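*Asks:* With the input below, show me the fold.
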Amino acid sequence: MSVSKPPPPPSTSHLAIPPSSTSTPSSSATSPLATPHSSALPPPSPVKISMQEHFAINVCPGPILPIPQISDFFPRFHDYPCTPPPPREKKILKEETFNGEMVGGYKDGERGDNDGDREEMLDSDDDDTYLGTLEFNLLFDQENNCLHCTIHKAKGLKAMDSNGLADPYVKLHLLPGASKANKLRTKTLKNTLNPVWNETLVYHGITAADMTTKTLRLCVCDMDRLGRNEFIGEVRVALKKLREGENKRYNMGLERIAQNKEANNQMVEQGALVAEEERGRILVSLCYNTEKGCLLVGIIRCAHLAAMDSNGYSDPFVKIILQPDMGKKSKYKTTVKKKTLNPEFNEEFSYEVTLDQLAKKTLEISVWDYDLGMSNDFIGGVELGINASGQRLRHWFDCLKNKGKKVEYWHTLTQQGAPSSDKPD
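*Replies:* Next comes the predicted model:
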C-alpha cells in the first residue's frame with residue numbers, strides 16, 4: 001500500500017528532490033532572454049512512501065521508558081504484600097523522657113552524613129520512628145493496694161486506615177499472667193494520629209510484692225469495626241522501678257516487639273506463684289461489734305478472677321460459711337455479677353457469736369461461677385481463722401484484737417480453699 005504525499009518545503013524536508021541536471025545556474029545566468037516565469041523550476045512529482053515509512057517519520061520518540069512509580073520517590077512505601085526488612089540493632093528509648101533532642105531512639109548527631117546511606121537509614125528506622133510515642137503516669141497507692149494508670153496522649157502514631165488516619169485506643173496488661181482478668185482499656189478516639197485520652201485506669205488488689213515481680217504492658221491498637229483490631233506498638237514498664245506514693249511520668253517510644261524479657265524469666269522462675277494468683281483475689285473486711293455481739297463480714301470486691309465460661313469471663317458470686325457449722329444462719333451468699341472478672345459486691349453479713357466462741361471458729365470464703373441449669377464452677381477460696389497462716393492469720397488476729405474497728409485485707413484465692421462441707425449448687 002502506498003500514498004501520495006506532496007513534498008514539504010526545501011528548508012524543512014529531508015526528502016526534498018535535488019534540482020534537475022539540465023537546469024543549472026550557469027545556463028540560466030547566460031541566457032539573456034530568460035524571463036522570471038521561464039526560469040522557475042517545474043513542481044516536483046509527489047513522493048511515494050510506504051505506510052511503515054510514513055509512521056516512522058518524526059513519529060516514534062525512541063525507546064519506551066518505564067513510568068516512574070511512587071515508590072521511587074518514597075522508599076517507605078512498598079507494593080503489598082512486602083517482606084519486612086531484617087531487624088537491625090537500634091537504640092530504643094525505654095523510660096527516658098523526650099526533650100526534643102531524641103527522635104525514634106536516636107540522638108541528634110548519631111546519624112551519619114553519608115548521602116549514600118540515607119535510604120538505608122530510612123528503611124532501618126521505619127519500624128520505630130513512625131510508630132509514635134505514648135505519654136502516661138503511674139502511681140502506686142500501697143495503702144489501698146491500687147495502681148493508678150493515667151493515659152494522657154500519643155503523638156505521631158502510624159496511619160492504619162485507608163484515609164491516612166487511625167482509630168486508636170490503649171489496652172493494659174499485667175505480666176506475667178496476662179489475661180482478660182487484668183486487662184484494662186481506654187476509650188477509642190476516631191480519625192486521629194495524635195489522640196488525647198486523659199483517662200485513669202485503676203488496678204485493684206496490687207500488693208507491694210506484686211510491684212517487685214510484675215511488668216505493666218501498654219499496647220496502642222487501631223480499632224477496626226469490619227475486621228480484627230490492628231496492633232500499632234507497645235511499651236513495657238517494670239513496676240519494681242516505681243516507688244510507693246511516687247506519681248511518675250513516662251514518655252516512651254512505641255515498639256513493635258518489646259525488648260523486655262524480664263516477664264518471661266519471672267514466669268519460669270515463679271510458675272507456681274503465678275498459677276496460684278491467676279485464680280484471683282478478694283477484698284474482705286472483718287469487724288467484731290461488741291454492742292451487738294456479732295461478727296460483721298464484708299465482701300467488698302474481687303479482682304483478676306479466673307475465666308470459667310467460654311466467652312472468657314465468669315458470672316461470679318461469693319459464699320461464706322462460719323465453721324463449725326451453726327445451721328442455716330452460718331451460710332450466706334452474695335448476688336451474682338454477670339460477665340465480669342473484677343466484680344464489686346459491697347455486701348455485708350453478720351454472725352451472732354460471742355468473742356470466745358469466735359476465736360475457735362474458721363471463716364470459709366469461696367468464689368463461684370454461676371451456671372444456669374448446671375452445677376456452679378468453683379473459682380477459688382480462702383480460709384480465715386486460728387488454723388490459718390500468714391496474712392490470713394494476721395487478718396483474723398487483727399479483727400479479734402481491734403474490737404469495733406473494720407479491718408480490710410486482700411487475700412489470694414486458691415484451689416485448695418473449697419469448703420469441704422458445702423456442695424456447689
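*Asks:* Any idea what the residue nearest to residue 371 when sequence neighbours are not counted is bridged to?
*Replies:* Distances taken as Cβ to Cβ, 6 or more residues apart in numbering put residue 377 closest to residue 371, at 6.4 Å, once the chain neighbours are dropped. C-beta here means a position set from N, CA and C on the backbone, and glycine is covered the same way. Beta-bridge partners recorded for residue 377 (DSSP bridges): residue 369.
*Asks:* From residue 334, how far out is residue 377?
*Replies:* Noted for residue 377: a distance of 16 Å to residue 334, by Cβ to Cβ, to the nearest Å.
*Asks:* How about residue 162?
*Replies:* According to Cβ to Cβ, residue 162 stands 49 Å off from residue 334.
*Asks:* And residue 287, by the same measure?
*Replies:* 17 Å.
*Asks:* Next: residue 206.
*Replies:* Relative to residue 334, residue 206 is positioned 23 Å away (Cβ to Cβ).
*Asks:* When the two are compared, which one has more neighbours?
*Replies:* residue 206 (25 against 19; other Cβ atoms under 10 Å).
*Asks:* contacting residues for the closest residue to the more buried one other than its chain neighbours?
*Replies:* Residue nearest to residue 206 in three dimensions, not counting chain neighbours: residue 147, with 4.5 Å by Cβ to Cβ, 6+ apart. Shown in contact with residue 147 (Cβ atoms under 8 Å, 6 or more residues apart in numbering): 138, 139, 140, 141, 202, 203, 206, 211, 216, 239.
*Asks:* Which pLDDT value goes with the residue lying closest to residue 189 once chain neighbours are set aside?
*Replies:* What sits nearest to residue 189 in space, not counting adjacent residues and going by Cβ to Cβ, 6+ apart, is residue 195, at 4.2 Å. We have a pLDDT of 95 for residue 195.
*Asks:* Give me the neighbour count for residue 195.
*Replies:* Neighbour tally, residue 195, other Cβ under 10 Å: 25.
*Asks:* can you tell me which helix or strand residue 300 belongs to?
*Replies:* Taking DSSP states H and E as the definition, one finds residue 300 inside strand 294-303.
*Asks:* Can you name every helix or strand that the helix or strand following that strand contacts?
*Replies:* Later in the chain than strand 294-303, the nearest helix or strand by DSSP H and E is strand 316-323. If you count contacts as 3 or more Cβ pairs under 8 Å, 6 or more residues apart in numbering; DSSP states H and E, strand 316-323 packs onto strand 294-303, strand 331-333, strand 344-352, strand 362-369.
*Asks:* in its sheet, what does the third one sit against?
*Replies:* The partner list of strand 344-352 in its sheet, established with DSSP bridges, is strand 294-303 (antiparallel).
*Asks:* Would you map the helices across the stretch 201-350 of the chain?
*Replies:* For the stretch 201-350 of the chain, the helices defined by DSSP state H, counting those that start in this stretch cover 208-213, 262-269, 271-277.
*Asks:* Pull up the gap between residue 247 and residue 143, please.
*Replies:* Applying Cβ to Cβ, the value for residue 247 to residue 143 is 15 Å.
*Asks:* if we can go back for a sec, just name the most buried of the helices and strands packed on strand 316-323.
*Replies:* strand 362-369 (a mean of 22; mean count of other Cβ atoms under 10 Å).
*Asks:* relative to strand 316-323, how tilted is that one?
*Replies:* 160 degrees (axes from the mean of the first three to the mean of the last three Cα atoms, to 10 degrees).
*Asks:* for residue 298, what are its contacts?
*Replies:* By Cβ under 8 Å, 6+ apart, the neighbours of residue 298 are 284, 285, 286, 287, 346, 347, 348, 349, 406, 408.
*Asks:* Export the residues you listed as TSV, with columns for distance to residue 310.
*Replies:* Formatted as TSV, these follow (distance: Cβ to Cβ, whole Å):
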residue	distance to residue 310
284	29
285	33
286	36
287	39
346	29
347	28
348	33
349	32
406	38
408	34
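*Asks:* Quickly name whichever of the residues you listed is closest to residue 229.
*Replies:* Checking the contacts of residue 298 against residue 229 by Cβ to Cβ gives residue 346 as the nearest, at 33.4 Å.
*Asks:* Model confidence score at the residue lying closest to the closest one once chain neighbours are set aside, please.
*Replies:* Spatially, and ignoring its direct neighbours in sequence, residue 346 is nearest to residue 300 (6.0 Å; Cβ to Cβ, 6+ apart). Looking at residue 300, its pLDDT stands at 95.
*Asks:* cool, and the one 5 residues further on?
*Replies:* Predicted confidence (pLDDT) at residue 305: the value is 90.
*Asks:* Not counting sequence-adjacent ones, nearest residue to it?
*Replies:* residue 280 (3.7 Å).
*Asks:* Surely that neighbour touches residue 304?
*Replies:* Yes. With contact defined as Cβ atoms under 8 Å, residue 280 counts as touching residue 304 (5.0 Å).
*Asks:* Identify the contacts common to the two.
*Replies:* With Cβ under 8 Å, 6+ apart as the test, residue 280 and residue 304 both reach 181, 341.
*Asks:* Contact partners for the residue lying closest to residue 351 once chain neighbours are set aside?
*Replies:* Leaving aside its sequence neighbours, residue 351 sits nearest to residue 295 (Cβ to Cβ, 6+ apart; 4.5 Å). Listed by Cβ under 8 Å, 6+ apart, the contact partners of residue 295 are 286, 287, 288, 289, 322, 350, 351, 353, 358, 399.
*Asks:* what about 6 Å?
*Replies:* 288, 351, 353, 358 (Cβ atoms under 6 Å, 6 or more residues apart in numbering).
*Asks:* ok, residue 344 - contacts?
*Replies:* residue 301.
*Asks:* Next: residue 384.
*Replies:* By Cβ under 6 Å, 6+ apart, the contact set of residue 384 is 363, 392, 395, 396.
*Asks:* same check, this time on residue 194
*Replies:* With contact taken as Cβ under 6 Å, 6+ apart, residue 194 is in contact with residue 155.
*Asks:* for it, helix, strand, or coil?
*Replies:* Counting by DSSP: H, G, I helix; E, B strand; the rest coil, the backbone at residue 194 sits in coil.
*Asks:* For residue 376, see how far away it is.
*Replies:* Using Cβ to Cβ, residue 194 is found at 48 Å from residue 376.
*Asks:* count of neighbours near residue 171?
*Replies:* Neighbours of residue 171 using other Cβ under 10 Å come to 16.
*Asks:* Return the set of residues that bridge with it.
*Replies:* Under the criterion used (DSSP bridges), residue 171 bridges to residue 185, residue 219.
*Asks:* low-scoring stretches of this structure, by residue?
*Replies:* By pLDDT under 70, the low-scoring segments of the chain are 1-40, 47, 49, 52-130, 178-179, 257-278, 326, 416-425.
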